[in-house]
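*Asks:* next come a sequence and a model predicted from it.
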Amino acid sequence: MKKSPSFFSPKPLCLSFIVLTLYLAAACTAVEPHWETDLDTALAEAHMRHKNIFLLFTGTAWDDISEDLLFSIFNTEEFKKEAGKNYILLHIDVPDIPTASDREKAAEVFRLALNMGVRAAPTALLMSETGRPFAFLPMTTETKTAQNVLDLIRAERPREKKINRLYDKIQKTQGSKKAEYIDAYIETVPERFHITLNDLFIQLIESDPENKSGLLGKYKLRIASENAARAFHAGTLDNELNKLLLLINEKNLLSPNQIQDAYYQLAYFAVNSGKISQDEAVTYLRQAYNAVPDSAEAADILHVIESLSGGAPPTGSIPPNEGASDSAAKD
């Protein structure tokens, strides 16, 4: 005897059960916005969830404002809920090193803050999911509510979108085109954070060894300058000065503005470290001036030459040339 057709089929029930199970699993694994306190943990979460990072540095042990803003803004549900929609929240409290129970760990946190360009607390930054800062959010006397900080974040959205687009293009391209995207990424990031982008400088150089982009001189000089600055403070300058000289003499690498900047830095680091006499420094400064006599920095260089040569009261040292690196980098 034929079976009557059944109006009940197990398939829809099975499918519904699967959907419900997946929904419940997703609900159970959903993460409520919260503050991470470890950089590596935050980076892993940012990578997994494809989110950028809101990084807050405070100094609650030695700064009353940090404690006040944590209470009135950053630990409120309003802020955590809204900021947590788009960012992994990372809070790093910089301890007072002399009174810290673990001074080594405290010093490590302090170095991290300095490397991120932090000079005061509280300081808020936006970072990419790879851990590179790209925006500084100023905490002022006008920063009183969660909405004030959310507005600061919103104002950085155009830069953030551009950073994300450029990063995607960097991952998908090779050669000189990759070098151009890296350069665009770096120039989108504020100058104060360029110290954190040294790995991108190296990537750019390795991507375009034949210098088809014309960017090699710019980034080789940046790396040489940063290495010289570190060696200057460490008292191990000789090798880095030689590298600057070799860079200057490398044929068809540096533009005239970059040559001017390199000679000025060579004079600055060498004379201020006692490696050369003032007369030798003047020789380097004249070469810097002659490279581009009509540059924006030429008049200042000439003034330093006159000062060291006796045309004005000698200062005994060369001041850092604040504008030269920027203009040479953009050349």
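*Replies:* Structure received.
*Asks:* what's the pLDDT at the residue nearest the centre of the chain?
*Replies:* Note on the chain: the residue nearest the mean C-alpha position is residue 193, at 3.0 Å, using CA atoms, centre = their mean. Residue 193 carries a pLDDT score of 94 in this model.
*Asks:* centre of the chain to the helix or strand where residue 107 lies, how far?
*Replies:* With elements taken from DSSP states H and E, the one containing residue 107 is helix 103-115. Remark: helix 103-115 is offset 17 Å from the chain centroid, using CA atoms, centre = their mean, to the nearest Å.
*Asks:* and residue 55, that's in a strand?
*Replies:* Yes - membership of residue 55 in a strand is supported by DSSP: H, G, I helix; E, B strand; the rest coil.
*Asks:* bridging residues for it?
*Replies:* Beta bridges link residue 55 to residue 90, residue 125 when assigned by DSSP bridges.
*Asks:* the closest residue to residue 282 other than its chain neighbours: neighbouring residues, count only.
*Replies:* Leaving out its chain neighbours, the residue that sits closest to residue 282 by CB to CB, 6 or more residues apart in numbering is residue 308, at 5.2 Å. Any C-beta I mention is one placed from the backbone N, CA and C, and that applies to glycine too. For residue 308, the count of nearby residues is 22 (other CB atoms under 10 Å).
*Asks:* switch to numbering from 18
*Replies:* Okay, residue one is now 18; in that scheme the one you just asked about reads as residue 325.
*Asks:* distance of residue 325 relative to residue 219?
*Replies:* From residue 325 across to residue 219, the span is 35 Å (CB to CB, to the nearest Å).
*Asks:* what's the answer for residue 281, then?
*Replies:* Residue 281 is 24 Å from residue 219, by CB to CB.
*Asks:* of those two, which one has the most company?
*Replies:* Counted by other CB under 10 Å, residue 281 and residue 219 do not tie: residue 281 has more neighbours, with 26 against 13.
*Asks:* list the helices and strands the helix holding residue 124 packs on?
*Replies:* On a contact count with 3 or more CB pairs under 8 Å, 6 or more residues apart in numbering; DSSP states H and E, helix 120-132 meets strand 104-110.
*Asks:* next one: phi and psi at residue 173?
*Replies:* With angles defined as degrees, to the nearest 10, residue 173 sits at phi -90, psi 0.
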